[in-house]
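Asks: This is the structure alone, sequence omitted:
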């Protein structure tokens with residue numbers, strides 16, 4: 001593989017911004033990528049460059065739309081019917097036709113104002129040096145629907161817009177909730193390891209291990225969480241404040257009109273004791289609707305219909321007003337949440353991202369959580385919106401179609417509104433007798449230091465009612481070469497650590513001698529630990545369970561396991577990841593088609609269509 005200057009990339013070398021591989025141009029996917037494994041050196045696992053990079057509204061060859069054509073397209077989007085919001089009709093067809101146009105001949109370019117934080121793929125690490133992998137969970141799904149928007153418009157998504165964990169977590173998986181009986185599933189999934197016996201726990205933990213589809217010599221581990229389910233009529237009372245961007249940038253049909261369509265659907269789901277308020281912000285912020293009982297549906301819907309876009313954006317003042325309204329009507333033991341709907345274009349007032357996140361962090365201490373919903377194209381400030389949701393103890397979704405609005409506002413309403421556990425952290429210790437190297441796929445901006453796992457003051461992700469969370473680890477079988485003693489102050493289960501009397505810092509540790517002291521654990525692949533807090537608690541609880549590898553092939557894995565693997569490999573291909581192995585769009589397509597499962601909502605079938613779109617673009 002060649003970089004922008006034609007020089008070969010060394011194994012494990014990150015792809016730098018500005019190279020041909022980060023420009024949004026489809027890679028050459030005619031051949032699988034065969035690479036040797038490079039264990040991290042220098043940069044710690046998950047270390048992230050937070051410098052924003054910018055998408056270019058790409059249609060072909062990494063080029064942007066000229067200004068006149070971009071304005072014309074935006075006007076057409078605003079003038080078209082609801083079908084256009086679903087990616088159907090004339091606009092979608094014209095975009096597909098445009099992909100053959102040579103934009104490189106144009107002398108005037110209009111780079112998109114979209115902003116994405118840079119991401120470097122997690123590297124492989126050896127458990128003899130880094131025995132612990134620690135990260136925060138993530139229930140955001142914005143990257144998947146944003147990726148869909150690019151492919152639907154005939155564009156290859158910018159590499160930094162592809163967050164693989166959000167793509168995998170876009171889909172629901174058949175994890176059993178806490179307290180469920182899985183005895184009848186043991187024959188169905190013989191290598192399933194679960195801890196769901198406690199019906200009072202906020203979530204159940206599931207683990208599965210099988211072969212890796214993009215590298216036959218590797219293993220793949222899936223960690224899954226399933227939040228407890230709460231029936232619609234059993235959910236706690238909700239106090240919701242919608243914070244809506246009505247600035248001029250929200251005028252197109254796929255922005256404020258789509259926001260209003262989604263809000264109408266959510267209002268239909270609310271109960272008689274729920275309350276709704278609406279705060280708007282543009283040049284100045286204001287109260288469009290004081291907190292109102294949900295039984296006054298006509299009043300609420302009228303306020304929604306009266307929303308109009310115009311002016312510049314002062315998001316900071318709007319956020320403060322929204323939190324004040326939510327605090328005023330705070331419901332003890334209920335759901336208190338601000339839902340921000342915006343394209344993220346904070347162009348006046350508090351525009352500094354650090355100032356905004358500090359504001360959100362401070363406001364979240366009141367017990368009012370934040371959900372962030374992104375809208376629009378060409379102006380999406382993805383990096384800002386993701387960070388606001390993270391600091392606001394909430395989730396971030398991107399809504400590009402009416403179908404997606406229905407998914408977020410209706411199908412996943414209880415998960416969006418009701419937090420069942422906060423500050424959820426995962427720490428996995430790998431057994432060096434079974435694991436030569438490991439790599440967490442995705443979650444690059446969720447990595448934590450090992451000591452943060454025990455620190456209850458460290459912020460982490462939240463999980464909502466009925467939510468599923470999935471993480472994948474690629475495992476390299478162990479070698480038998482001597483390796484150094486792990487540098488960590490954490491107490492280890494599988495090997496001596498720096499503080500253990502068995503360690504000898506003056507001599508290189510030998511794998512065989514290390515493991516001989518821990519024979520009772522030698523068959524375990526790993527041990528997972530999870531810490532979480534109840535939504536109103538300050539002290540965390542701990543869950544711990546080991547996992548053994550029964551040697552199952554990928555074909556013997558569950559349908560959900562195989563589908564999640566196909567999504568992850570697709571994300572690696574979209575990101576031009578050096579870790580995509582033998583994966584190709586053809587292999588992803590074949591794998592996804594064979595693991596659709598029940599697919600009641602059709603989202604997995606839609607994924608298959610998106611892979612086909614990517615194939616067409618890569619030719």
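Replies: Sure, I can see it. All values reported here derive from a predicted model rather than from experimental measurement.
Asks: Against residue 322, how distant is residue 339?
Replies: Counting by C-beta to C-beta, to the nearest Å, the separation of residue 339 from residue 322 is 9 Å. (Each C-beta comes from the backbone N, C-alpha and C, glycine too.)
Asks: ok, those two, which is more surrounded?
Replies: Neighbours were counted for residue 339 and for residue 322 using other C-beta atoms under 10 Å; residue 322 has more, 27 against 24.
Asks: so residue 306 sits right up against residue 288, yeah?
Replies: Yes - applying C-beta atoms under 8 Å as the test, residue 306 and residue 288 come out as touching, 7.4 Å apart.
Asks: ok, those two, which is more surrounded?
Replies: residue 288 (17 against 12).
Asks: Tell me how many other residues surround the closest residue to the more buried one other than its chain neighbours.
Replies: Distances taken as C-beta to C-beta, 6 or more residues apart in numbering place residue 278 nearest to residue 288, at 4.2 Å, with adjacent residues excluded. The tally of other residues near residue 278 (other C-beta under 10 Å) stands at 24.
Asks: my guess is residue 278 is in a strand, correct?
Replies: Yes - under DSSP: H, G, I helix; E, B strand; the rest coil, residue 278 sits within a strand.
Asks: Which residues does the nearest residue to residue 293 once chain neighbours are set aside form beta bridges with?
Replies: Nearest residue to residue 293, sequence neighbours excluded (C-beta to C-beta, 6+ apart): residue 275, at 5.9 Å. Following DSSP bridges, residue 275 is listed with bridge partners residue 239, residue 293.
Asks: pretty sure residue 275 contacts residue 240?
Replies: Yes - using C-beta under 8 Å, residue 275 is in contact with residue 240, at 7.0 Å.
Asks: who does the host helix or strand of residue 605 touch, helix- and strand-wise?
Replies: Here residue 605 sits within helix 603-618, counting by DSSP states H and E. Using 3 or more C-beta pairs under 8 Å, 6 or more residues apart in numbering; DSSP states H and E as the contact test, the elements touching helix 603-618 are helix 142-152, helix 559-574, helix 585-593.
Asks: repeat that with 6 Å
Replies: Applying 3 or more C-beta pairs under 6 Å, 6 or more residues apart in numbering; DSSP states H and E, one finds that helix 603-618 makes contact with helix 142-152, helix 585-593.
Asks: Now the element after the first one, going C-ward?
Replies: Right, the one you point to is helix 142-152. helix 164-168.
Asks: on contacts alone, who are the packing partners of that next one?
Replies: By 3+ C-beta pairs under 6 Å, 6+ apart, helix 164-168 packs against helix 142-152, helix 559-574.
Asks: Touching the first one from outside, list them.
Replies: Read it as helix 142-152. 87, 157, 161, 163, 166-167, 170, 374, 396-398, 400, 404, 610, 613-614 (C-beta atoms under 6 Å, 6 or more residues apart in numbering).
Asks: The last one now?
Replies: Residues external to helix 559-574 that are found in contact with it (C-beta under 6 Å, 6+ apart): 157, 162, 164, 167-168, 173-174, 208, 213-214, 222, 441, 470, 472, 580, 583, 588, 591-592, 595, 597.
Asks: pLDDT-wise, what's the bottom of the contacts of helix 142-152?
Replies: Ranked by pLDDT, those bottom out at residue 87, which has 43.
Asks: re earlier: my read: the residue nearest to residue 293 touches residue 239, true?
Replies: Yes - contact status for residue 275 versus residue 239: in contact at 5.1 Å, counting by C-beta atoms under 6 Å.
Asks: Give the residues shared as contacts by the two.
Replies: Shared contacts of residue 275 and residue 239, counting by C-beta under 6 Å, 6+ apart, come down to residue 329.
Asks: now the residue lying closest to residue 161 once chain neighbours are set aside, which residues is it bridged with?
Replies: Leaving aside its sequence neighbours, residue 161 sits nearest to residue 116 (C-beta to C-beta, 6+ apart; 4.8 Å). On the basis of DSSP bridges, residue 116 is bridged to residue 53.
Asks: what are the ranges of the strands in the stretch 151-300 of the chain?
Replies: 192-195, 203-212, 215-227, 238-245, 275-281, 285-293 (DSSP state E, counting those that start in this stretch).
Asks: can you tell me which of the ones you listed comes nearest to residue 478?
Replies: Closest to residue 478 of the strands of the stretch 151-300 of the chain is strand 215-227 (C-beta to C-beta; 11.0 Å).
Asks: Now do the residue nearest to residue 161 against residue 387, distance only.
Replies: 12 Å.
Asks: and residue 269, how many neighbours?
Replies: Neighbours around residue 269, by other C-beta under 10 Å: 17.
Asks: Could you report the pLDDT at it?
Replies: Confidence score, pLDDT, at residue 269: 92.
Asks: what's near enough to touch it?
Replies: residue 413.
Asks: before we move on, the earlier item: take the strands of the stretch 151-300 of the chain and lay them out in a markdown table including mean pLDDT and distance to residue 494.
Replies: Converted to a markdown table, the strands of the stretch 151-300 of the chain look like this (pLDDT from 0 to 100; distance: least, C-beta to C-beta, whole Å):
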| stretch | mean pLDDT | distance to residue 494 |
| --- | --- | --- |
| strand 192-195 | 61 | 17 |
| strand 203-212 | 95 | 16 |
| strand 215-227 | 96 | 16 |
| strand 238-245 | 95 | 45 |
| strand 275-281 | 95 | 52 |
| strand 285-293 | 92 | 54 |
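Asks: Let me have those strands in a markdown table, extended by distance to residue 333.
Replies: Listed next are the strands of the stretch 151-300 of the chain as a markdown table, based on distance: least, C-beta to C-beta, whole Å:
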| stretch | distance to residue 333 |
| --- | --- |
| strand 192-195 | 27 |
| strand 203-212 | 20 |
| strand 215-227 | 18 |
| strand 238-245 | 11 |
| strand 275-281 | 15 |
| strand 285-293 | 18 |
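Asks: Among these, which comes closest to residue 460?
Replies: strand 215-227 (12.7 Å).
Asks: what angle separates the closest one from helix 559-574?
Replies: Computed by axes from the mean of the first three to the mean of the last three C-alpha atoms, to 10 degrees, the angle separating strand 215-227 from helix 559-574 equals 120 degrees.
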